[in-house]
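1. Okay, here's the prediction I keep looking at, along with the sequence it came from:
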Amino acid sequence: MQSGAVNRRAALGLMSTGLALGAGISPAFAALNALTTVQFDDPVIEKFYSAREFATLWTGQGDGARRKVALQAFDTASDHGLPVARYDAKALRKAFGSAQTEADLGRLEVAMTTALLAYARDMSSGVLTPIKVDDGIQRKILRPDPEAILAQAEAPDFGPWLKSLVPSTPVYSRLMAEKIALEELVAKGGYGPALTAEEIKPDASTADIIALRDRLIALGYLDRSFSQTFDASLQAAVQRFQLNNGISPDGVVGKGTLASLNASAEDHLKSVVVAMERLRWMGNVDLGARHIWVNQPDFMVKVFDEGDVTFESRVVIGKIGRDTQSPEFSDVMEFMVVNPTWSVPRSIVVNEYLPQFQEDPLAESQLQLLDPDGQIVDRTTVDFAAFTPETFPYALRQPPEEGNALGKVKFMFPNSHNIYLHDTPTKSLFAKDVRAFSHGCIRVGSPFDLAYFLLARQSDNPKGLFATYLNTGVESVLSLDQPVPVHLVYFTAWPDEQGHMGYRRDIYARDNKLFAALMEAGVAVAGINS
């Protein structure tokens, strides 16, 4: 690569000129001479400067305004939870102040460009490649084209473009404000002592009630109070906290509510930092004016229209386990299947049903046993004990009927993960706060209402339209005239409509993995690792 530098000097007819900023040297000539000393490690950067005939972006006498804009953007990296060292504005400013030779200027020119590429990539699409951290995060990341970034760097609207890289959603701004506030709070000691009681009832001891009161004040759910009893204002504050944190608002401070109350400021700060990274992954994604949003730790599905929630329902997600957790990805819902057949996934067939059939061949009689040609097999003719999970040749199917595992409707966004939203006959699970019980698909608490809501855009009588398919009792496809983007996401920190931050449990421990990966990538969070 060094020979390339020599060739560039020869091609430009340049000779050594001493200090690039020396008296009597043309600034343009000095800049050219400085860049010819550089050994380019990135072919994209070398191609860019070659096309510019090695004119500078940052180190020339006319580059001050552009340089200032870039450095000011790099200054904010810490507020965004980005790895500051990749584009360390302080170190770059120091290098500008100490540069003396052509080689210094050449290296600094390339360092600024390298920093810009890293900053633009990280800010617009995230620091991490998520699937490398957790294979349950199947989100496709749209990375910016380095050549397009460099084209913007020399464009007249460089400043506005650089600002546009920051996710524009109000949620991101709210998360960043929360991050800064939590860092300050951590520095002051956090929320104070954790609650030690196993349960706090209205007739609890004065000490426990005072501790609860003080915790709610610290969390922002109660104004300064001197009450020492579990009065109406304290109970209302508990209910506000429960609503904001995905807990049934019964006003009872039980085990689940206590666990959420005792989450530390550091825990919340980690959730916020990871949530900002997750939003950056989606920064280049058009969510859709109407889209379906399933936030797994919230156990809710919501439909958004132009940013407003227009439908919502409780959901059940995949239970904890490597093969059962619901993945994260985006796709497009195209149709619903009414009166669906359940084709049992192979993993469930061999891991759950085969052992049952080996004990009792007629167990789970609602399921049809199918041979490799799809023909129904009489179970009494099969020696189930002769098979292992690897050799079992049969499939299982449940036809449309009452009690079908998929209920009466499933909502399809065809994907390689075989994940969809569906009805379920097991309605009691929707009453629980933590709803992780499925094998990965998303069970909807109000599936008929969701069907009516989606069909309302293509029918004046959506209930009637749905009923014409349902009443046949036969499996059939009902297409959506307007397909809807679906986003299966995982945010443990998210503001409500009033902007108050709510937190959820990291049920799959994905946030823990992501936060550790961010730290390894060089992210520094005040009060945690800095």
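-> The structure has been received and is ready for your questions. Numbers count the residues shown, from 1 in each chain.
2. what about L175, distance to F299?
-> From L175 across to F299, the span is 21 Å (CB to CB, to the nearest Å). The C-beta positions use only the backbone N, C-alpha and C, and glycine is treated the same way.
3. Comparing these two, which residue is more hemmed in?
-> For L175 and F299, the more surrounded residue by other CB atoms under 10 Å is L175, and the numbers stand at 27 against 23.
4. ok, and what's touching stretch 469-486?
-> With contact meaning CB atoms under 8 Å, 6 or more residues apart in numbering, stretch 469-486 is reached by 286-288, 290-292, 294, 303, 330-341, 400, 408-409, 413, 421, 454-455, 457-458, 465-466.
5. Please apply the same query to stretch 372-388.
-> L354, F357, Q358, P361, L362, Q368, L369, L370, D371, P393, Y394, A395.
6. So which of these belong to helices?
-> Within the contacts of stretch 372-388, residues falling in helices by DSSP state H are L354, F357, Q358.
7. could you flag which of those are buried?
-> The neighbour count (16 or more other CB atoms under 10 Å) marks L354, F357 as buried among the ones in helices among the contacts of stretch 372-388.
8. For the ones in helices among the contacts of stretch 372-388, give me JSON lines that also has pLDDT.
-> Formatted as JSON lines, the ones in helices among the contacts of stretch 372-388 follow (pLDDT from 0 to 100):
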{"residue": "L354", "pLDDT": "96"}
{"residue": "F357", "pLDDT": "96"}
{"residue": "Q358", "pLDDT": "96"}
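9. so after whatever helix or strand F329 lives in, what's the next helix or strand?
-> Applying DSSP states H and E as the criterion places F329 in strand 329-338. Moving toward the C-terminus from strand 329-338, the next helix or strand (DSSP H and E) is strand 342-343.
10. Show residues contacting the helix or strand that that following strand is followed by.
-> Going down the chain from strand 342-343, the next helix or strand is helix 346-348, by DSSP H and E. If you take CB under 8 Å, 6+ apart as the criterion, helix 346-348 is touched by D323, A395, H439.
11. can we see that at 7 Å?
-> By CB atoms under 7 Å, 6 or more residues apart in numbering, the residues outside helix 346-348 that reach it are D323, H439.
12. Going by neighbour count, list what's buried in that helix.
-> Quick answer for helix 346-348 (16+ other CB under 10 Å): I348.
13. Please compute how far that helix lies from its chain's middle.
-> 28 Å (CA atoms, centre = their mean, to the nearest Å).
14. Give the rounded mean pLDDT of it.
-> Computed over helix 346-348, the mean pLDDT rounds to 92.
15. all strands for the protein, in order.
-> Shown for the chain, the strands assigned by DSSP state E span residues 290-295, 300-305, 308-318, 329-338, 342-343, 368-370, 395-398, 409-412, 421-422, 436-438, 442-444, 476-489, 493-495, 501-503.
16. Turn the ones you listed into JSON lines, including mean neighbour count and distance to E154.
-> What follows is the strands of the chain, written out as JSON lines (neighbours: other CB atoms under 10 Å; distance: least, CB to CB, whole Å):
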{"stretch": "strand 290-295", "mean neighbour count": "20", "distance to E154": "36"}
{"stretch": "strand 300-305", "mean neighbour count": "18", "distance to E154": "38"}
{"stretch": "strand 308-318", "mean neighbour count": "18", "distance to E154": "40"}
{"stretch": "strand 329-338", "mean neighbour count": "19", "distance to E154": "33"}
{"stretch": "strand 342-343", "mean neighbour count": "17", "distance to E154": "56"}
{"stretch": "strand 368-370", "mean neighbour count": "18", "distance to E154": "63"}
{"stretch": "strand 395-398", "mean neighbour count": "18", "distance to E154": "60"}
{"stretch": "strand 409-412", "mean neighbour count": "23", "distance to E154": "46"}
{"stretch": "strand 421-422", "mean neighbour count": "24", "distance to E154": "47"}
{"stretch": "strand 436-438", "mean neighbour count": "20", "distance to E154": "50"}
{"stretch": "strand 442-444", "mean neighbour count": "25", "distance to E154": "46"}
{"stretch": "strand 476-489", "mean neighbour count": "17", "distance to E154": "35"}
{"stretch": "strand 493-495", "mean neighbour count": "22", "distance to E154": "38"}
{"stretch": "strand 501-503", "mean neighbour count": "20", "distance to E154": "40"}
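17. would JSON lines of those with distance to A151 be doable?
-> As requested, these are exported to JSON lines (distance: least, CB to CB, whole Å):
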{"stretch": "strand 290-295", "distance to A151": "31"}
{"stretch": "strand 300-305", "distance to A151": "33"}
{"stretch": "strand 308-318", "distance to A151": "37"}
{"stretch": "strand 329-338", "distance to A151": "28"}
{"stretch": "strand 342-343", "distance to A151": "50"}
{"stretch": "strand 368-370", "distance to A151": "57"}
{"stretch": "strand 395-398", "distance to A151": "54"}
{"stretch": "strand 409-412", "distance to A151": "40"}
{"stretch": "strand 421-422", "distance to A151": "41"}
{"stretch": "strand 436-438", "distance to A151": "46"}
{"stretch": "strand 442-444", "distance to A151": "41"}
{"stretch": "strand 476-489", "distance to A151": "29"}
{"stretch": "strand 493-495", "distance to A151": "35"}
{"stretch": "strand 501-503", "distance to A151": "38"}
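18. so what's the nearest residue to K410 once chain neighbours are set aside up against?
-> Counting by CB to CB, 6 or more residues apart in numbering, K410 lies nearest to H422, which is 3.8 Å off, once chain neighbours are set aside. Going by CB under 7 Å, 6+ apart, H422 touches L406, G407, V409, K410, F411, C441, R443, V444.
19. longest helix of this protein?
-> Under DSSP H, the helix in the chain containing the largest number of residues is helix 102-125.
20. and that helix, how far out from the chain's middle?
-> 27 Å.
21. what comes up buried for stretch 80-96?
-> H80, G81, L82, P83, V84, R86, Y87, D88, A89, L92, A95, F96.
22. of those, closest to Q39?
-> The shortest approach to Q39 among those belongs to A95, at 17.0 Å (CB to CB).
23. Next, P327: phi, psi?
-> Per-residue torsions, P327: phi -80, psi 170 (degrees, to the nearest 10).
24. OK, contacts around it?
-> So P327 contacts G136, Q138, H417, I419, L488 (CB under 7 Å, 6+ apart).
25. circling back to that earlier point, state the pair within the buried residues of stretch 80-96 that is farthest apart.
-> Pairwise distances across the buried residues of stretch 80-96 (CB to CB) peak at 26.1 Å, for the pair G81 and F96.
26. what about stretch 447-454, average pLDDT?
-> Rounded mean pLDDT across stretch 447-454 is 98.
27. wait, stretch 368-386
-> pLDDT averaged over stretch 368-386 gives 95.
28. Same check on stretch 42-49?
-> 93.
29. Tell me the buried residues in it?
-> I45, E46, F48, Y49.
30. Tell me the one of the residues you listed nearest T76?
-> Closest to T76, out of all of the buried residues of stretch 42-49 and judged by CB to CB, is I45, at 23.5 Å.
31. Quick check: pLDDT value at the closest residue in space to that closest one that isn't next to it in sequence.
-> Of all residues not flanking I45 in the chain, T113 sits nearest, at 5.5 Å (CB to CB, 6+ apart). As predicted, T113 sits at a pLDDT of 97.
32. go on, the one 3 residues further on?
-> L116 is assigned a predicted lDDT (pLDDT) of 98.
33. Could you do F230 as well?
-> 88.
34. Check G24 too.
-> 42.
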